[in-house]
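Undergrad: quick one, structure for this:
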Amino acid sequence: MSALQDLAERVEKATGADRELDCRIFASFSPEEWSQADLDYAISAPDRTVNPPRYTASIDAALYLVPEGWTWGAFDNGTAWAWPNEARDLLAGIRSTAATPALALVSAALRARHFLEQQS
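TA: Residues are numbered from 1 along each chain as shown. So this is what the prediction gives:
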């Protein structure tokens with residue numbers, strides 16, 4: 001299982017906004033590789049010197065994870081989709097379900113990015 005798939009599954013199991021997941025997602029898209037020590041510090045730093053976007057709390061922040069050229073949809077029931085613009089079909093997209101719309105959109109976006117990695 002890829003790191004993005006693993007993150008998507010963890011997001012789907014979350015019950016609400018989660019700073020640890022936000023840090024892990026932020027680190028996975030960082031241009032520099034994070035060590036485990038860096039990640040542990042970011043997650044637990046009492047002074048919050050590392051402030052990742054609140055992907056798991058905000059649809060606005062989660063939108064930054066949706067791949068360019070993809071359309072998205074997030075619904076109050078905790079379901080979200082992401083699909084390539086040329087598809088224009090929910091059935092051709094990637095669907096995720098989670099406790100909140102933001103979590104579902106994060107998961108769908110991570111799965112979409114994994115899909116694109118597999119295509120290249």
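Undergrad: so how far is the helix or strand bottoming out on mean pLDDT in the chain off the chain centroid?
TA: Using mean pLDDT, DSSP states H and E, helix 36-44 stands out as the lowest-scoring helix or strand of the chain, at a mean of 88. Centre-to-centre, helix 36-44 and its host chain are 19 Å apart (CA atoms, centre = their mean, to the nearest Å).
Undergrad: likewise for stretch 45-62?
TA: Put simply, stretch 45-62 sits 12 Å off its chain's centre (CA atoms, centre = their mean).
Undergrad: end-to-end on that stretch?
TA: Terminal residues of stretch 45-62 are spaced 23 Å apart (CA to CA, to the nearest Å).
Undergrad: and for stretch 20-39?
TA: So stretch 20-39: terminal residues 9 Å apart, CA to CA.
Undergrad: contacting residues around it?
TA: For stretch 20-39, the external contacting residues (CB atoms under 8 Å, 6 or more residues apart in numbering) are 3-4, 7, 10-11, 14, 42-43, 50, 52-57, 65, 106, 110. C-betas here are computed from N, CA, C, even on glycine.
Undergrad: mind listing what's buried in it?
TA: 21, 22, 23, 24, 25, 26, 27, 28, 34, 39 (16 or more other CB atoms under 10 Å).
Undergrad: distance between the strand or helix carrying residue 72 and the chain's centre?
TA: Assigning secondary structure by DSSP states H and E places residue 72 in strand 70-75. What separates the centre of strand 70-75 from the centre of its chain is 13 Å, taken as CA atoms, centre = their mean.
Undergrad: can you list the strands that it pairs with?
TA: Sheet pairing of strand 70-75 (DSSP bridges) gives strand 79-84 (antiparallel).
Undergrad: same question for the strand it pairs with, mean pLDDT?
TA: If you average the pLDDT over strand 79-84, you get 92.
Undergrad: and if you look at stretch 100-114?
TA: Here the average pLDDT along stretch 100-114 is 97.
Undergrad: same question, stretch 50-65
TA: On average, stretch 50-65 scores 94.
Undergrad: which other residues reach that stretch?
TA: By CB under 8 Å, 6+ apart, stretch 50-65 touches 11, 14, 16-19, 21-23, 25-26, 29, 41-42, 72, 74, 101-103, 105-106, 109-110, 113.
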